[in-house]
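A.B. asks: Provide a 3D model corresponding to the input given below.
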Amino acid sequence: QLQLVESGGGLVQPGGSLRLSCVASGFTLDYYAVGWFRQAPGKEREGVSCISVGGGSTKYADSVKGRFTISRDNAKNTVYLQMNNLKPEDTAVYYCAAAGRPCSAQSFDYWGRGTQVTVSS
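C.D. replies: Purely as a prediction, here's the structure:
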C-alpha cells in the first residue's frame, strides 16, 4: 500500500520549535518532489514548503521564510520540516504530499493524513 505518514506534531508555546517527519511506505521518495501543506480551521489549505527530487531546490511560503526549513533523507525515505520560532498563526493540520513532477507544477500524487500542530501559551 502506497502511503505517506506524518508525525512530530503537538502543542508548543509561541517561540518554540517542532520537527515534522513525512515517511513514505510502499514506494521510494527518491523520484518525488515533496511538499508540506497546512490547513487551519475555517481556512483553505495552503502550501508551506516544497523540496525537489534531489533536494537542491526548496521553496517556502512568505509566511514561514526564515523560520521553517525543509530537508530530505532519501536513505530513510523521509522528508522533514523543521519549524522554529512558531507563532499562534502556524496552528493547523500539516500534511505532506509527494509529486512525480517538479514543485512548480503544484500537482501532487500522494497525500498523508496530517499531523496537528498547535501553538499556544
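
A.B. asks: tell me the centre residue of this protein?
C.D. replies: Taking CA atoms, centre = their mean, the centroid of the chain lies closest to residue 36, which sits 2.7 Å from it.

A.B. asks: From residue 82, how far off is residue 69?
C.D. replies: 4 Å (CB to CB, to the nearest Å). All C-beta atoms are positioned from the backbone trio N, CA, C, and that covers glycine.

A.B. asks: ok, back up a step: ok, the residue nearest to the centre of the chain - contacts?
C.D. replies: Residue 36 sits next to 20, 22, 47-50, 70, 79, 81, 94-97 when contact means CB atoms under 8 Å, 6 or more residues apart in numbering.

A.B. asks: Export these as TSV, with columns for distance to residue 119.
C.D. replies: TSV is the format used below for the contacts of residue 36 (distance: CB to CB, whole Å):
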residue	distance to residue 119
20	13
22	20
47	19
48	14
49	17
50	22
70	19
79	21
81	14
94	12
95	17
96	19
97	22
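
A.B. asks: Tell me the one among those nearest to residue 105.
C.D. replies: Residue 105 has its nearest neighbour among the contacts of residue 36 in residue 50, at 10.1 Å by CB to CB.
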